[in-house]
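>>> Prediction below, plus the sequence it came from.
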Amino acid sequence: MNKKLVVNYFQFSSKSILINWDNSINNHILFDVLSFMQAIKLSDKSILEVRNTYCSLLVTYTSTIDNIYSEINSLNLIYLHKKKYNISEKKIWKIPVCYNEYFGKDLVNISKNIKLNVEEIIKLHNENTYTVCFLGFLPGFLYLSNLNKKLYFPRKSDPDLNIIKGSVGIGGSQTGVYPSNSPGGWNIIGNSPIDFIGGDFNDKISFATPGDLIKFIPISQDDHKHILNNLGSYKIDSEVFNG
């Protein structure tokens, strides 16, 4: 049985309010966060933007907040009367990934440290289904939960200066994919040849949204090359799921 969640409100700036839950990565909190975000967006408030993380919301208004206490009370009423977040229209996205030591330059190091062979690491990573929690630190970077605990591995103390687009990484208890070339400190175990940003995503930054699911599908290096050479005609496989 899920315990009752505690929500705290803080003034973040003259135009924004920060809402925090317990600092934890789990779907019970995440879907409460997403439910509240949806309710705020559907309210009649003059909102510029609502952004989420695993366990927080930042609500930014179009103008200065006149009475912070009154506004927090108003938000709390929305929270108390929100409907359960509807994930029936969410999707599970099937993302091709080539796992090998050519693309996964940190596989061997991870293997030595966690005492699992490379094949076991690959199997444990692709057999799970992951929840999209939020997008950051780069446009289209998907923060994913539900990484197998056996694969938890700390971020690098000295980040790489150039991680290539599509790199699949592990950072602590999380996994994710770099949508573009970027510096970064996650440990790279493979690469996906698809576009995570810049496609025809109906005016969204990425094809996926918080609450969606991701399933990584292992492919060969030849398949990776074929997809990469035919991105114009490649369509990401997906299906609607009922949560």
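Here it is on my side, so go on.
>>> confidence score at the spatially most central residue of the chain?
Centroid-nearest residue in the chain: Y143, 2.5 Å away (criterion: Cα atoms, centre = their mean). Predicted confidence (pLDDT) for Y143: 92.
>>> so what's it closest to, chain neighbours aside?
C133 (4.8 Å; Cβ to Cβ, 6 or more residues apart in numbering). (Each C-beta comes from the backbone N, C-alpha and C, glycine too.)
>>> Likewise for G171?
Excluding the flanking residues, the one nearest G171 by Cβ to Cβ, 6+ apart is W186, at 4.0 Å.
>>> so how many other residues sit close to the one you found?
24 (other Cβ atoms under 10 Å).
>>> quick revisit: which neighbouring elements make contact with the host helix or strand of the residue nearest to Y143?
Using DSSP states H and E, C133 maps to strand 129-135. Helices and strands touching strand 129-135, by 3 or more Cβ pairs under 8 Å, 6 or more residues apart in numbering; DSSP states H and E, are helix 27-42, strand 47-52, strand 142-145, strand 213-218.
>>> List the strands paired with that strand, with their directions.
Here strand 129-135 is paired, per DSSP bridges, with strand 142-145 (antiparallel), strand 213-218 (antiparallel).
>>> Show me the strands in the protein, by range?
Assigned by DSSP state E, the strands in the chain fall at 8-13, 16-20, 47-52, 56-61, 91-97, 129-135, 142-145, 160-163, 167-171, 174-177, 182-184, 187-191, 213-218, 237-240.
>>> So, low pLDDT: which residues of this structure?
1-2, 84-89, 199-203, 242-243 (pLDDT under 70).
>>> ok so, going back, tell me which of the strands of the chain is the most buried.
For the strands of the chain, the largest average neighbour count (mean count of other Cβ atoms under 10 Å) is found in strand 187-191, namely a mean of 26.
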